[in-house]
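**Q** how would this look folded up:
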Amino acid sequence: MRSSASTNRDHAGSRPPHRSTRRITRPRRSAVLGVSLAAAAGAATLGLLGNVVTAANPTLPQLAEAAGRYMGGELTANLLSNPTVTALAGAQFDMITPGNEMKWDTTEPSRGSFNFGPGDQIVAFAQAHSQRIRGHNLVWHSQLPGWVSSLPLNQVQAAMENHITTEATHYKGKLYAWDVVNEPFEENGTLRNSVFFQAMGAGYIADALRTAHAADPNAKLYLNDFNIEGSGVKADAMFNLVQSLLAQGVPINGVGFESHFILGQVPASLQANMQRFAALGLDVAITELDDRIQLPATATNLNQQATEFGNVEKACLAVSRCVGVTQWAVGDADSWIPGFFSGFGAATMFDSNYQPKAAFNALVTLLGGTATPPPPPPPPGNCDVADVLNAWNTGLVANMTITNNSSTTITGWTLHFTLAPGQVITSGWNANYTPTSGAVNAGNLSYNGTLAPGASTTLGFQATHTGNAAAPSSFTLNGQTCTSH
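**A** Down below sits the predicted model:
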């Protein structure tokens, strides 16, 4: 995954798959319009959407499938133990992309030693919810185990072909598509100088696609990249590449447009650009959609984001071979954005409590459904928490400032908050933290327990994470809800 005018991570970013040059039909499932009402009802029971999902009030994927498209989401295995996340993902997506579980560093951490357990968990979840799966990914320069880059160049092709064959064979018949080669281009339109390019030149891409097709002939095979959504040198490079591949008879079915946008920067040329790829006989897909906002997000920002989510969906609907849109997260709480772009977040359709935002309602309305009233804002709290988060590959630091907004002095306090799944506190300051994961209580120390009206105190912690670097959420102070930013 990546974003316009900025570095992104694939998940990372946040990627897809493909085939031969024959005409392909749009992915449809006859049962989709009855999609997983049990899962949707579970979401409603949890209050995720504020009303009951019924035939008269269809889910987002039901609405999308009625228009011949899918509505996808990205999911990581560490979230499968969170019932709020799984209920929402099960109800509001009908295509699932694993965030990290099928990438090379997970599936073949050492040469010839394969680990498909995490990916199998994602597949099992999707199958249980009658969802299709986009495999992400087979060949990528990032999240690549060191042993691959250390190989003599004359051994790289054999290692790549073996990796593709083994993984694609393992998932044969279970996946809708593969991101075969992910993010092959530099921003200037040249091919990345990856170990695969060094060993095989530009031909590594055709070889990867042919190898994947041989292992799983029915999976659609994609190339996937970021900053190719609008017109420009990188988009032209991808277009020229797929033209060349098709001319050679290389099995390729589509191109994935990651679409990691910044608010206000969704390219006006998105539809026209996707259409020129579709005119080659390829499917196109929005594979990793998010639209990041500089925090704190305002109502105006969120309404603009809703317009931009709607414009992306409209572009897909206008291109007959656009098969669907996938959001790169389930909601803001598990989005990769805050951990990689300091000061930015709120990039998805669901907020940090997995409640629908204006962007969700915009898509529902666009697709012919009835928008869900947003939950009322919480009443002004007697406390405020300002949270500054800095994250890196597997760790993060959170610094928090508590302010007493009440008219009375607080003597002794406990700040309660929730860590994202996979985060574990390793050290902290200015408070006692227990437990170190999940729902955490931070209690004052002897020297900072008194807060006069209007007074503030600071505390913080360092934690490890397994890919979800979201900020703490759901703050209360001595049982009273706090405003947070």
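**Q** ok, and the closest non-adjacent residue to Asn478?
**A** Among residues not flanking Asn478 along the chain, Trp413 sits closest, at 5.7 Å (CB to CB, 6 or more residues apart in numbering). Every residue, glycine included, has its C-beta placed from N, CA and C.
**Q** kindly report the same for Leu263.
**A** Nearest non-adjacent residue to Leu263, counting by CB to CB, 6+ apart: Ile293, 4.9 Å away.
**Q** show me what contacts that neighbour?
**A** If you count contacts by CB atoms under 8 Å, 6 or more residues apart in numbering, Ile293 has them with Leu263, Asn301, Leu302, Gln305, Phe344, Gly345, Ala346, Ala347.
**Q** okay, and the beta partners of the fifth one?
**A** Right, the one you point to is Phe344. Counting by DSSP bridges, Phe344 forms beta bridges with Gln294.
**Q** Gln121 versus Ile133, what's the distance?
**A** Distance of Ile133 to Gln121, computed by CB to CB, to the nearest Å: 12 Å.
**Q** of those two, who's got more company?
**A** Remark: of Ile133 and Gln121, Ile133 carries more neighbours, 25 against 17, as counted by other CB atoms under 10 Å.
**Q** report the central residue of the chain.
**A** Nearest to the geometric centre of the chain sits Trp328, at 2.1 Å (CA atoms, centre = their mean).
**Q** please name the nearest non-neighbouring residue to it.
**A** Using CB to CB, 6+ apart and skipping the chain neighbours, the partner closest in space to Trp328 is Glu288 (4.0 Å).
**Q** part of a strand, is that neighbour?
**A** Yes. Under DSSP: H, G, I helix; E, B strand; the rest coil, Glu288 falls within a strand.
**Q** list the buried residues of the longest helix seen in the chain.
**A** Ranked by residue count, the top helix of the chain under DSSP state H comes out as helix 299-318. The neighbour-count check on helix 299-318 (16 or more other CB atoms under 10 Å) flags 301-302, 304-306, 308-313, 315-317 as buried.
**Q** contacting residues around the helix or strand following it?
**A** Using DSSP states H and E, the helix or strand that follows helix 299-318 towards the C-terminus is strand 322-327. When contacts are defined by CB under 8 Å, 6+ apart, strand 322-327 is touched by residues 26-27, 64, 69-74, 93, 95, 97, 134, 254, 274, 278, 283-290, 312-313, 315-316, 348-349.
**Q** count of neighbours near the residue nearest to Asn478?
**A** Trp413 has 19 neighbours, counted by other CB under 10 Å.
**Q** I figured it was touching Ile402, is that so?
**A** Yes. Using CB atoms under 8 Å, Trp413 is in contact with Ile402, at 7.3 Å.
**Q** overlap in contacts of the two?
**A** Shared contacts of Trp413 and Ile402, counting by CB under 8 Å, 6+ apart, come down to Leu451, Leu477.
**Q** hmm, which two among the buried residues of helix 299-318 are most spread apart?
**A** Pairwise distances across these (CB to CB) peak at 24.6 Å, for the pair Asn301 and Leu317.
**Q** helix or strand for Asn441, which one?
**A** Asn441 belongs to strand 439-443, assigned by DSSP H and E.
**Q** buried ones in the helix or strand encompassing Ile122, by neighbour count?
**A** Secondary structure assignment for Ile122, by DSSP H and E: helix 117-128. Of the residues in helix 117-128, Pro118, Gly119, Asp120, Gln121, Ile122, Val123, Phe125, Ala126 count as buried by neighbour count, 16+ other CB under 10 Å.
**Q** got CSV for these, with pLDDT and distance to Ala470 too?
**A** Listed next are the buried residues of helix 117-128 as CSV, based on pLDDT from 0 to 100; distance: CB to CB, whole Å:
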residue, pLDDT, distance to Ala470
Pro118, 96, 19
Gly119, 97, 22
Asp120, 97, 25
Gln121, 96, 20
Ile122, 97, 19
Val123, 98, 24
Phe125, 97, 20
Ala126, 97, 23
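**Q** closest one of those residues to Ala214?
**A** Nearest member of those to Ala214, counting by CB to CB, is Gly119, at 20.2 Å.
**Q** what lies in contact with stretch 238-247?
**A** Contacts of stretch 238-247 (CB under 8 Å, 6+ apart): 21, 184-185, 205-206, 209, 223, 225, 228, 252, 255, 276-277, 280-282.
**Q** meant to ask about stretch 100-112, not that
**A** Here stretch 100-112 makes contact (CB under 8 Å, 6+ apart) with 11-12, 76-77, 114-116, 118-119, 121-122, 135-140, 143-145, 147-148, 159, 162-163, 166-167, 171, 467.
**Q** okay, and which of the residues you listed map to strands?
**A** Within the contacts of stretch 100-112, residues falling in strands by DSSP state E are Gly135, His136, Asn137, Leu138, Val139, Trp140.
**Q** by neighbours, which of the residues you listed wins?
**A** Neighbour-wise, these (other CB under 10 Å) top out at His136, 37 neighbours.
**Q** pretty sure that residue contacts Asp179?
**A** Yes. With contact defined as CB under 8 Å, His136 reaches Asp179; the gap is 4.8 Å.
**Q** any idea which helix or strand in the chain has the lowest mean pLDDT?
**A** Using mean pLDDT, DSSP states H and E, helix 37-45 stands out as the lowest-scoring helix or strand of the chain, at a mean of 33.
**Q** going on from it, what's the next piece of helix or strand?
**A** Following helix 37-45 toward the C-terminus (DSSP H and E): helix 60-66.
**Q** helices or strands up against that following helix?
**A** Contacts defined by 3 or more CB pairs under 8 Å, 6 or more residues apart in numbering; DSSP states H and E place helix 60-66 against strand 70-75, helix 358-366.
**Q** would you format these as CSV with distance to Asn390 included?
**A** Formatted as CSV, the helices and strands packed on helix 60-66 follow (distance: least, CB to CB, whole Å):
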stretch, distance to Asn390
strand 70-75, 23
helix 358-366, 27
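**Q** which of these is buried the deepest?
**A** strand 70-75 (a mean of 28; mean count of other CB atoms under 10 Å).
**Q** for that strand, which outside residues touch it?
**A** With CB under 8 Å, 6+ apart, strand 70-75 has contacts from 11, 14, 27, 60-61, 63-65, 85, 89, 92-99, 122, 125, 132, 134, 288, 323-330, 363.
**Q** mean confidence for it?
**A** Per-residue pLDDT over strand 70-75 has a mean of 98.
**Q** that one: partners in the sheet, and parallel or antiparallel?
**A** Its sheet considered, strand 70-75 pairs with strand 95-98 (parallel), strand 322-327 (parallel) by DSSP bridges.
**Q** now tabulate those strands in CSV and tack on distance to Leu419.
**A** Shown next, in CSV, are these (distance: least, CB to CB, whole Å):
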stretch, distance to Leu419
strand 95-98, 22
strand 322-327, 22
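**Q** out of the contacts of stretch 238-247, grab the one that's most surrounded.
**A** With neighbours taken as other CB under 10 Å, the top of those is Ile252, carrying 32 neighbours.
**Q** distance of it relative to Val330?
**A** Taken as CB to CB, the span from Ile252 to Val330 is 29 Å.
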